[in-house]
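> predicted coordinates and the sequence they were generated for:
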Amino acid sequence: MSSTSTATTVEELPIEVPNAAIAQHGAGTSKAVRIVYLALLALALAAPVIGLYPVFVMKLLCFALFACAFNLLLGFTGLLSFGHAAFFGFAAYVTGHTVKVMGWTPELGLLAGVAVAAVLGLMFGLVAIRRQGIYFAMITLALSQMVYFICLQAPFTGGEDGLQGVLRGKLFGVLPLIDDTVMYYFVLAIFVACFLGIMRIVNSPFGQVLKMIRENEPRAISLGYEVDRYKLLAFVLSASLAGLAGSLKTLVMKFATLTDVHWSMSGEVILMSLLGGVGTFFGPVLGAGIVISLQNMLADKVGEWVTVIIGVIFVLCVLAFRKGVVGELLAWRERRKARG
């Protein structure tokens, strides 16, 4: 089969998406959705002015980027990874070490973290990508645990103490990132660029192939696509973005700890994606906002019980909003259109 005929076949292929609202949202053509995005961007730009704590919002943006990276793999490719904390946490350590110990500039530290996360993602992918379902998830979890024990024992990570006092430095030797406002707009610019990049990837021919693999992998194989190559590329892209989120988090919070690479962090990003809505663009962002906000508000009041409270909220949301908050809203909008 020629490449031209194959591409035509994919464009004409009726991909059966479980939630038609999600497919409509993914197209990004709704005027209402664009207005909402612009309003949220205006709110984000005005956040320091209206009194929102910049460090809190930066932390939220870092985890929102982490959730979007994970959603690229699960929501649009159909691969459930239990090991994304390895990319997030190890990149955080690499950026912290290069900036604090080696004296690199923040932009080089970020690039180093992303590069290491991409290489780690390639290694994970080459091992796990030929497996499916629970076997794929368990392999990624096992590999992630190996990375955790490496971080626990390696001298450059600081062991159980972690890396403390990471200096932000000056971006390109000009912009002082020690200023929370400057750092905030830097993080916001990276998040917006990555968010738009993920939308572009998903809506591209490459993204359509990923959706086809998610919905009907045997059919994609029968059409002549090298499914493993597409899944591996999606895995590396997701790992790279997760590493970028971890690297940014280190610069924002000025430290990296074992919590960043622990398996519970993988569970946390899954929770964020499911709460907001897997397979939607804004769902992971909303899910990250819910989880991080609850942790910030309740940590001082209930201590470790915050995990139990978030767990109860998660169970209630799964029972009431099986497609996530954003997914249910989009489904409701589609039902209204259908009745009309």
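Good, I have the coordinates.

> quick check, Leu167 in a strand?
No - according to DSSP: H, G, I helix; E, B strand; the rest coil, Leu167 belongs to no strand; its state is coil.

> biggest helix in this protein by residues?
The longest helix of the chain (DSSP state H) is helix 227-253.

> quick one: end-to-end length of stretch 76-83, please.
One end of stretch 76-83 to the other measures 17 Å (C-alpha to C-alpha, to the nearest Å).

> can you check stretch 152-171 too?
Separation of the first and last residues of stretch 152-171 by C-alpha to C-alpha is 30 Å.

> coming back round to it: contacts for the helix or strand following the longest helix of the chain?
Using DSSP states H and E, the next helix or strand after helix 227-253 towards the C-terminus is strand 255-256. Strand 255-256 has contacts (C-beta atoms under 8 Å, 6 or more residues apart in numbering) with 89, 92-93, 95-96, 157, 162-166, 246, 249-250. All C-beta atoms are positioned from the backbone trio N, CA, C, and that covers glycine.

> so which of the residues you listed comes closest to Ala128?
Gly89 (18.0 Å; C-beta to C-beta).

> hmm, Gly243 and the closest one touching each other?
No - under the criterion of C-beta atoms under 8 Å, Gly89 makes no contact with Gly243, lying 9.3 Å away.

> these two: which is more packed in?
Between Gly89 and Gly243, counting by other C-beta atoms under 10 Å, Gly243 is the more crowded of the two (33 against 30).

> so what's the more buried one scoring on pLDDT?
Gly243 carries a pLDDT score of 95 in this model.

> contacting residues around the nearest residue to it once chain neighbours are set aside?
Leaving out its chain neighbours, the residue that sits closest to Gly243 by C-beta to C-beta, 6 or more residues apart in numbering is Ala117, at 2.3 Å. Counting by C-beta under 8 Å, 6+ apart, Ala117 touches Phe87, Phe88, Phe90, Ala91, Ala239, Ser240, Ala242, Gly243, Leu244, Gly246.

> now flag whichever of those is closest to Phe136.
Using C-beta to C-beta, those come closest to Phe136 at Ala239, 14.2 Å.

> quick one: residues contacting Val236.
Applying C-beta under 8 Å, 6+ apart, we find Val236 in contact with Ala118, Gly121, Leu122, Gly125.

> show the pLDDT at it.
With respect to pLDDT, Val236 scores 96.

> and what of Ala21?
pLDDT, Ala21: 38.

> could you do Leu126 as well?
At Leu126, the model reports a pLDDT of 93.

> export only the CA atoms of stretch 91-104, formatted as PDB.
The C-alpha trace of stretch 91-104 is given here as PDB (Å, rounded to 0.1, in the frame of the first residue of the first chain):
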ATOM      1  CA  ALA A  91      14.600  15.500  35.500                       C
ATOM      2  CA  ALA A  92      14.000  17.500  38.600                       C
ATOM      3  CA  TYR A  93      17.200  16.100  40.200                       C
ATOM      4  CA  VAL A  94      19.200  16.700  37.000                       C
ATOM      5  CA  THR A  95      18.100  20.300  36.700                       C
ATOM      6  CA  GLY A  96      18.800  20.900  40.400                       C
ATOM      7  CA  HIS A  97      22.200  19.300  40.300                       C
ATOM      8  CA  THR A  98      23.400  21.100  37.100                       C
ATOM      9  CA  VAL A  99      22.200  24.500  38.300                       C
ATOM     10  CA  LYS A 100      23.300  24.200  42.000                       C
ATOM     11  CA  VAL A 101      26.500  22.100  41.800                       C
ATOM     12  CA  MET A 102      27.700  22.600  38.300                       C
ATOM     13  CA  GLY A 103      26.700  26.300  38.000                       C
ATOM     14  CA  TRP A 104      24.800  26.000  34.800                       C
END
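
> report how many residues lie close to Tyr230.
Tyr230: 18 surrounding residues under other C-beta under 10 Å.

> go on, Gly125?
Burial of Gly125 is recorded as 22 neighbouring residues (other C-beta under 10 Å).

> with Arg34 instead?
For Arg34, the number of neighbouring residues by other C-beta under 10 Å comes to 11.

> name the element it belongs to?
Going by DSSP H and E, Arg34 is part of helix 31-46.

> what packs against whichever helix or strand comes after that helix?
Scanning forward in sequence from helix 31-46 by DSSP H and E, the next helix or strand is helix 54-77. Under the contact definition 3 or more C-beta pairs under 8 Å, 6 or more residues apart in numbering; DSSP states H and E, helix 54-77 sits against helix 84-100, helix 180-203, helix 205-215, helix 227-253, helix 263-276, helix 283-302.

> tell me which of these sits most buried.
Mean neighbours per residue, mean count of other C-beta atoms under 10 Å, is largest over the helices and strands packed on helix 54-77 for helix 84-100, with a mean of 29.
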